[in-house]
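Colleague: Sequence first, then the predicted structure, then my questions.
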Amino acid sequence: MKSIRACLLLLAAALALPAQVIKIGSIAPDRSPWNDALKEIAREWQAITRGQIRLKIYPGGIAGNEEDMIRKMKVGILGGAVLTNIGLTKIYPDAFVLSTPFMFHSEKEMAYVLKRLTPIFEQQIKGRGFQVIIWTMSGWVNFFTKDPIQYPQDLKKQKLAFSTGEPALEQAWKKSGYHIVPTELKDLMMALQSGMVNAFYLPPLVAGSGQYFPLAPNMCPLKVAPLVGGMVIEDGIWSRIPGTYKQPMMDAVEKVSVRLAKETAILEDKAMEAMKKHGLRINEVPADSLAQWKEAADKGMDELIGKVFGREIYEKLLQILREYRQGDDA
């Protein structure tokens, strides 16, 4: 009996798969809601796979910026990453069409478009060596300015901070008539203090947590663009995960993502209230202003179409939007 038991134990050990550690990069700070969510995903995946899959998380840009993380995934240093729209665009440029300024009017139509386009995006991203685990939509970007703005001509009088590394998008803003000053986020406070810039566009949560708003205390409530991102795993690593685990793993990520979206919305509301108590002014805009903002943005579209994203995907997005809006009006 002892020899049989020993043989069974040896057989079980031989059949057991060793734990696979997947290194995940993220620019989300440690102890932030986004990193806490990633830690929860790590716990869920370990439980679902009975310890066969473990995540090692590198938060706060430890693994580099998003372009660095993509490069490290390609050479096998990282197994995956949580990326914003900028990072996703580095893998698949057409994904940037979702960040076209003043394209979307509401979260509902953004969700509708995202549902229709993501299968196309996922197929293309997979062809470039990555598996999309989930897409996220985490709020919107707004303008914060030293002087109040209602129309595009108001913003054109101010110096607008612009993240470096996207020359075509920079040219699009310039062609629309804005005074763009390339500025890294880490240098934004210094640029505001020196007067090098006096306007920027960021999510309200970041404007509040970074304490940038006191130097640009006027917020325009119009939604400039949505915050779209996602979690990707290098395709070779994903293919080695047993198939029976994959759907439960993705379901766990979906569950965490839904809760994170709710928590982020609550945090943003709290940040808005705190900023208003400390001097933030939300300047209401006239009903005709959105059309003027959209018209100004359209002047720079030829710098984006065919240079940042393809015309075909742009036309596809417009078609889906028309379908949604016609149905919404019906």
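Modeller: Structure received. Residues are numbered from 1 along each chain as shown.
Colleague: wait, residue 208 sits on residue 272?
Modeller: Yes: counting by CB atoms under 8 Å, residue 208 does reach residue 272; the two are 7.5 Å apart. Every C-beta, even on glycine, is put in place using the N, C-alpha and C of the backbone.
Colleague: So these two - more neighbours on which side?
Modeller: Neighbours of residue 208 and residue 272, each counted by other CB atoms under 10 Å, are more numerous for residue 208; the result is 22 against 17.
Colleague: tell me the SS of residue 139?
Modeller: Here residue 139 is strand, with the state taken from DSSP: H, G, I helix; E, B strand; the rest coil.
Colleague: count of residues packed around it?
Modeller: For residue 139, the count of nearby residues is 18 (other CB under 10 Å).
Colleague: shift numbering so it begins at 891
Modeller: Renumbered: residue one is now 891, and that last one reads residue 1029.
Colleague: show me what contacts it?
Modeller: By CB atoms under 8 Å, 6 or more residues apart in numbering, the contact list for residue 1029 reads 1093, 1094, 1095, 1116, 1117, 1154, 1155, 1158.
Colleague: ok, now residue 1064?
Modeller: Neighbour list for residue 1064: 1070, 1190 [criterion: CB under 8 Å, 6+ apart].
Colleague: element containing the residue lying closest to residue 1033 once chain neighbours are set aside?
Modeller: Counting by CB to CB, 6 or more residues apart in numbering, residue 1033 lies nearest to residue 1110, which is 4.3 Å off, once chain neighbours are set aside. According to DSSP states H and E, residue 1110 maps onto strand 1108-1124.
Colleague: thinking again about what came up before, can you tell me how far the residue nearest to residue 1033 is from residue 1083?
Modeller: From residue 1110 over to residue 1083 the distance is 22 Å, taken as CB to CB, to the nearest Å.
Colleague: what about those two, which has more around it?
Modeller: Each of residue 1110 and residue 1083 has its neighbours counted (other CB under 10 Å); residue 1110 has more, 24 against 10.
Colleague: pLDDT value on the more buried one, please?
Modeller: Residue 1110 carries a pLDDT value of 96.
Colleague: Could you do residue 1154 as well?
Modeller: Looking at residue 1154, its pLDDT reads 85.
Colleague: Can you verify it is assigned to a helix?
Modeller: Yes: per three-state DSSP, residue 1154 lies within a helix segment.
Colleague: ok, now which ones touch it?
Modeller: Contacts of residue 1154 (CB under 8 Å, 6+ apart): 923, 1028, 1029, 1095.
Colleague: where exactly do the strands run in the stretch 891-1040 of the chain?
Modeller: Listed in chain order, the strands of the stretch 891-1040 of the chain (DSSP state E, counting those that start in this stretch) span 910-916, 943-948, 970-974, 1020-1035.
Colleague: from the chain's centre, how far out does the first one sit?
Modeller: Relative to the mean C-alpha coordinate of its chain, strand 910-916 is positioned 19 Å out (CA atoms, centre = their mean, to the nearest Å).
Colleague: for stretch 1173-1190, same thing?
Modeller: 24 Å.
Colleague: what's in contact with it?
Modeller: Contact partners of stretch 1173-1190, identified using CB under 8 Å, 6+ apart, comprise 990-992, 995, 1038-1042, 1061-1067, 1108-1112.
Colleague: shaky segments in the stretch 941-1090 of the chain?
Modeller: Regions of the stretch 941-1090 of the chain meeting the criterion pLDDT under 70 cover residues 1054-1055.
Colleague: Let me see the ranges of the helices in it.
Modeller: 956-964, 975-981, 997-1017, 1042-1045, 1057-1065, 1078-1084 (DSSP state H, counting those that start in this stretch).
Colleague: neighbouring contacts of the last one?
Modeller: With CB under 8 Å, 6+ apart as the test, helix 1078-1084 has contacts from 1051, 1071, 1073, 1086, 1087, 1088, 1090, 1100, 1101, 1102, 1105, 1106.
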